[in-house]
Structure formats: structure tokens, C-alpha cells
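Colleague: Here is my input, please return the structure:
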Amino acid sequence: MVATGCGSECDRRCSATSHRNDCLWFCNSCCKKCLCVPPSTFGNKQCCACYGNRKTKKGTPKCP
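Modeller: Below is the predicted model of the structure:
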């Protein structure tokens, strides 16, 4: 899903996590870079390849 507003898309994406502030921070960072946030609250990263392929320095997924 192409994000016209990262805030509302990330609110939806992070709505089910107990680590909401961290999730929102990373999601917004990824959304601004990729212009996309996957549908649902978990998974479906194949719908937004850039979002799913971003990694931390340790090689773990960067985007929630």
C-alpha cells in the first residue's frame, strides 16, 4: 500500500504491538524512505519490497 501519510499508515501497522513507540519510530523511518507500508499489523512485507528488505547494522529486519 502506497502511503500518502506515513503517520496514519504506521498507526495502523503498530496498533497491535506492546512496543508502540519503537514500532512507530522505525515504521515512520521506513515509510519515509520506501513510501510504502505493508498491509496488516504484521508480516506481508513482500507487498512493499523496500520496507521488507531494510536491515539494521546487525542484519536484522529494520522495519516492523
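
Colleague: shaky segments in this protein?
Modeller: Judged against pLDDT under 70, the low-scoring parts of the chain cover residues 1-4.

Colleague: for it, longest helix please?
Modeller: helix 20-34 (DSSP state H).

Colleague: any idea how far residue 16 is from residue 50?
Modeller: Here the criterion is CB to CB, to the nearest Å. By it, residue 16 lies 22 Å from residue 50. Bear in mind the C-beta positions are built from the backbone N, C-alpha and C, glycine included.

Colleague: next one: residue 33
Modeller: 7 Å.

Colleague: nearest spatial neighbour of the residue nearest the centre of the chain, skipping sequence neighbours?
Modeller: Relative to the mean C-alpha position of the chain, the nearest C-alpha, by CA atoms, centre = their mean, is the one of residue 27, at 3.6 Å. Excluding its sequence neighbours, the residue lying closest to residue 27 (CB to CB, 6 or more residues apart in numbering) is residue 10, at 3.8 Å.

Colleague: Helix or strand for that neighbour, just tell me which one.
Modeller: Assigned by DSSP states H and E, residue 10 falls within helix 6-13.

Colleague: how about the CA coordinates for that helix, as PDB?
Modeller: Output in PDB follows, covering the C-alpha atoms of helix 6-13 (Å, rounded to 0.1, in the frame of the first residue of the first chain):
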ATOM      1  CA  CYS A   6       3.100   7.800   7.000                       C
ATOM      2  CA  GLY A   7       1.600   8.600  10.300                       C
ATOM      3  CA  SER A   8      -1.700   7.100   9.700                       C
ATOM      4  CA  GLU A   9      -0.300   4.000   8.000                       C
ATOM      5  CA  CYS A  10       2.200   3.400  10.800                       C
ATOM      6  CA  ASP A  11      -0.500   3.900  13.400                       C
ATOM      7  CA  ARG A  12      -2.400   1.100  11.700                       C
ATOM      8  CA  ARG A  13       0.800  -1.100  11.300                       C
END
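
Colleague: what sits up against it?
Modeller: 1, 3, 23-24, 27-28, 31-32, 37-38, 40-41, 64 (CB atoms under 8 Å, 6 or more residues apart in numbering).

Colleague: in this protein, what residue sits furthest out from the centroid?
Modeller: No residue in the chain has its C-alpha farther from the mean C-alpha position than residue 58, which lies at 17.9 Å (CA atoms, centre = their mean).

Colleague: No more questions from me, cheers.
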